[in-house]
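**Student:** I would like the atomic coordinates for the input below:
(chains A, B, C and D)
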Protein chains: 2
Amino acid sequence: MSITIWNQPPPPPRQRALGRPEIVAAAIAVADESGAAGLTMKGVAARLGAYTPMALYRYVHSKDGLVDLMLDAAAAQVPVPARPGPDWRADLERIANDTHAMIGRHGWYAELVHTRPPAGPHQMRRLEFMLAVLVGQGAGVADAMTWTALIDRHVFGASRQEAEESHAEQRAGLTDPRQQHAAFAEIRDLVVGYGDLPHLTEWLAAPTGPDPQAQFALGLRYLLDGIAADLRYRVRSTA
Amino acid sequence: MSITIWNQPPPPPRQRALGRPEIVAAAIAVADESGAAGLTMKGVAARLGAYTPMALYRYVHSKDGLVDLMLDAAAAQVPVPARPGPDWRADLERIANDTHAMIGRHGWYAELVHTRPPAGPHQMRRLEFMLAVLVGQGAGVADAMTWTALIDRHVFGASRQEAEESHAEQRAGLTDPRQQHAAFAEIRDLVVGYGDLPHLTEWLAAPTGPDPQAQFALGLRYLLDGIAADLRYRVRSTA
DNA sequence: GCCTCCTCGTATATGTCGTATACGCGAATG
DNA sequence: CATTCGCGTATACGACATATACGAGGAGGC
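**Tutor:** Residues are numbered from 1 along each chain as shown, chains lettered A, B, ... in the order given. Below is the predicted model:
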């Protein structure tokens, strides 16, 4: 098979100038600035100096391989404790918040994470920790896997939405609030044209709400509450 | 501005053979079979008969415009009641399940929904209904918007994960369970090579768990429980 | 019945991207 | 000093989206 870069042979040890770390760092810099859509082999090569795109292929096999490495390098920025602490909920909250913060720095992560299997070592270690936290509370591995999937879905989904919104703002009105207002007015006209959508119209007239961090915390709280309840139930029934 | 197709002028009314409905239906058929990655202007044109890709542009302006139309056409397959029923939770559960089922039929939806603003009429009507359900329980529009975002995040995220998994199976072992087993063994070897990841290793040795539908229902239940609690609190505090 | 115009689909071309292949240069090795 | 081999390059190819210009063929006016 060998789908991911993790199955491929490592790059040649012989060093001249380039290497995986330099290439991945350059790719991350490009993606930080231009987003996933702006990530280009040519762009990465140029960022490294006077290189051609083909120079990268000796080290990363393909663009997908480069993305694998980028995702794992970003995952490495999320601190993972050696072992679960005394408070399982704090453990999960912490790693969720840290992941959320990491994606805040690297908006492309949320766009790319679903395009590749999460098979990198740091991604795996992060997952292992979350499993360990839940298994330590009496959960089975299968349930723990379900719950971590639930949490990560929220973490990645919320991060992606925030990244999209800031990106849309950047693409549109940028610094000009007048233009932003015009964009909203255009959407509102569209909605009015669709017929009777009072609540949507009301919200578009005054698009308020909790800030992104609060929305993120809210959803996380719901999920952890649910997990806590089922965890209590399961522990009681197994005891 | 005019970012989406909804702001663009409609296609020429004069009919010869092609029209938006035919093109969108063909595009959906192509995407159903080949996924979002396989959606190509050439492919859509070929599916319609002896057409060139350029023939489509008179009707849909661009590929993004076509995607806008596809997303809204798929959203139109989700039944939206005229008004909220007596049981708000049943209302939201129902529309979440129906959306989940729709994406089960059109796996590309989960891949494409985040690439375009959700500005189509059917998408808007669906959202309006969800808002109406929550506002009818005493919520403010802003809170309702936050909650619907939470629910949709789960619906789209779970659907996407299911689509990915079935797609990965299809790409790999297909009908052959031996090959599927080999793929898992390869990942397990990888994990073992990363060091001490006992829970992950255990799960990979026997990757079990609730079926996708149960996982979907579980996450939805957690979210609705959380919303219910906050809704009670808010209604009480406003009363 | 003929001319004109307008619409529809096509033909052609351009630019971007990922990437396979073959090669030349220069350094490390014997 | 000669050889081998690793590193980056040059070139080329096939998708793909899409701008532009054009030709065919029917509709409407005379």
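**Student:** tell me the contacts of the residue nearest the centre of chain A?
**Tutor:** Nearest to the mean C-alpha position of chain A, by C-alpha atoms, centre = their mean, lies residue A:110 at 3.3 Å. By C-beta atoms under 8 Å, 6 or more residues apart in numbering or on different chains, the contact list for residue A:110 reads A:103, A:156, A:157, A:159, A:160, A:163. C-beta coordinates here come from the backbone N, C-alpha and C atoms, glycine included.
**Student:** which of these sits closest to chain B?
**Tutor:** residue A:157 (3.9 Å; C-beta to the nearest C-beta).
**Student:** how many other residues sit next to that closest one?
**Tutor:** 22 (other C-beta atoms under 10 Å in any protein chain shown).
**Student:** quick check: it vs DNA strand D, distance?
**Tutor:** Residue A:157 sits 26 Å away from DNA strand D, going by C-beta to the nearest atom of the strand, to the nearest Å.
**Student:** any chance of the backbone angles for residue A:62?
**Tutor:** Per-residue torsions, residue A:62: phi -170, psi 170 (degrees, to the nearest 10).
**Student:** any idea of the pLDDT on it?
**Tutor:** Predicted confidence (pLDDT) at residue A:62: the value is 97.
**Student:** picking that back up, from the contacts of residue A:110, which one has the minimum pLDDT?
**Tutor:** residue A:163 (93).
**Student:** which residue is the nearest non-sequential neighbour of it?
**Tutor:** Excluding the flanking residues, the one nearest residue A:163 by C-beta to C-beta, 6 or more residues apart in numbering or on different chains is residue A:107, at 3.7 Å.
**Student:** spit out the contact partners of that neighbour.
**Tutor:** A:32, A:35, A:159, A:163, A:166, A:167.
**Student:** can you pull out the helices in chain A?
**Tutor:** A:20-34, A:41-48, A:54-60, A:63-75, A:88-105, A:108-112, A:121-135, A:141-171, A:177-194, A:198-205, A:212-238 (DSSP state H).
**Student:** helices or strands up against the lowest-mean-pLDDT helix or strand in chain A?
**Tutor:** For chain A, scoring each helix and strand by mean pLDDT, DSSP states H and E identifies helix A:177-194 as the least confident one, at a mean of 81. For helix A:177-194, the elements it packs on are helix A:198-205, helix B:121-135, judged by 3 or more C-beta pairs under 8 Å, 6 or more residues apart in numbering or on different chains; DSSP states H and E.
**Student:** show me what the longest one is packed against.
**Tutor:** Right, helix B:121-135. helix A:177-194, helix A:198-205, helix B:63-75, helix B:88-105, helix B:141-171.
**Student:** wait, which of those helices is closest to residue A:135?
**Tutor:** Distance to residue A:135, taken as C-beta to C-beta, is lowest for helix B:141-171 among the helices and strands packed on helix B:121-135, at 21.4 Å.
**Student:** what's the distance between that closest one and the middle of its chain?
**Tutor:** Distance, stretch centre to chain centre, for helix B:141-171: 6 Å (C-alpha atoms, centre = their mean, to the nearest Å).
**Student:** and the angle for it with helix A:198-205?
**Tutor:** 100 degrees (axes from the mean of the first three to the mean of the last three C-alpha atoms, to 10 degrees).
**Student:** buried stuff in helix B:141-171?
**Tutor:** Buried residues in helix B:141-171, defined by neighbour count with 16 or more other C-beta atoms under 10 Å in any protein chain shown: B:141, B:143-164.
**Student:** returning to that earlier point: the least confident helix or strand of chain A to helix A:141-171, inter-axis angle?
**Tutor:** Using the same axes, to 10 degrees: helix A:177-194 against helix A:141-171 is 110 degrees.
**Student:** touching, residue A:180 and residue A:169? I think so.
**Tutor:** Yes - assessed by C-beta atoms under 8 Å, residue A:180 is found in contact with residue A:169 at 6.8 Å.
**Student:** any idea how many residues pack against the nearest residue to residue A:44 once chain neighbours are set aside?
**Tutor:** Nearest in space to residue A:44, with sequence neighbours left out and distances taken as C-beta to C-beta, 6+ apart, is residue A:27 at 4.7 Å. Residue A:27 has 27 neighbours, counted by other C-beta under 10 Å.
**Student:** could you report the pLDDT at residue A:27?
**Tutor:** 98.
**Student:** contacts only, for it.
**Tutor:** With C-beta under 8 Å, 6+ apart, residue A:27 has these contacts: A:39, A:44, A:47, A:66, A:69, A:70.
**Student:** what about 7 Å?
**Tutor:** The contact partners of residue A:27, by C-beta atoms under 7 Å, 6 or more residues apart in numbering or on different chains, come to A:39, A:44, A:66, A:70.
**Student:** pull the CA atoms of the least confident helix or strand of chain A into CSV?
**Tutor:** What follows is helix A:177-194 as a C-alpha-only set of coordinates in CSV (Å, rounded to 0.1, in the frame of the first residue of the first chain):
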residue,chain,number,x,y,z
PRO,A,177,-16.2,48.4,7.7
ARG,A,178,-18.3,50.2,5.0
GLN,A,179,-17.5,47.5,2.5
GLN,A,180,-18.2,44.8,5.1
HIS,A,181,-21.5,46.4,5.7
ALA,A,182,-22.2,46.4,2.0
ALA,A,183,-21.4,42.7,1.8
PHE,A,184,-23.9,41.9,4.5
ALA,A,185,-26.5,44.1,2.9
GLU,A,186,-26.1,42.1,-0.3
ILE,A,187,-26.7,38.9,1.5
ARG,A,188,-29.7,40.4,3.3
ASP,A,189,-31.2,41.4,-0.1
LEU,A,190,-30.7,37.9,-1.3
VAL,A,191,-32.5,36.5,1.8
VAL,A,192,-35.3,39.0,1.4
GLY,A,193,-35.6,37.9,-2.2
TYR,A,194,-36.0,34.3,-1.1
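**Student:** in it, which residues are buried?
**Tutor:** Quick answer for helix A:177-194 (16+ other C-beta under 10 Å): A:183, A:184, A:186, A:187, A:188, A:190, A:191, A:194.
**Student:** Serialize the residues you listed to a markdown table and add fields for distance to residue B:219.
**Tutor:** Listed next are those as a markdown table, based on distance: C-beta to C-beta, whole Å:
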| residue | distance to residue B:219 |
| --- | --- |
| A:183 | 33 |
| A:184 | 31 |
| A:186 | 35 |
| A:187 | 30 |
| A:188 | 32 |
| A:190 | 32 |
| A:191 | 29 |
| A:194 | 30 |
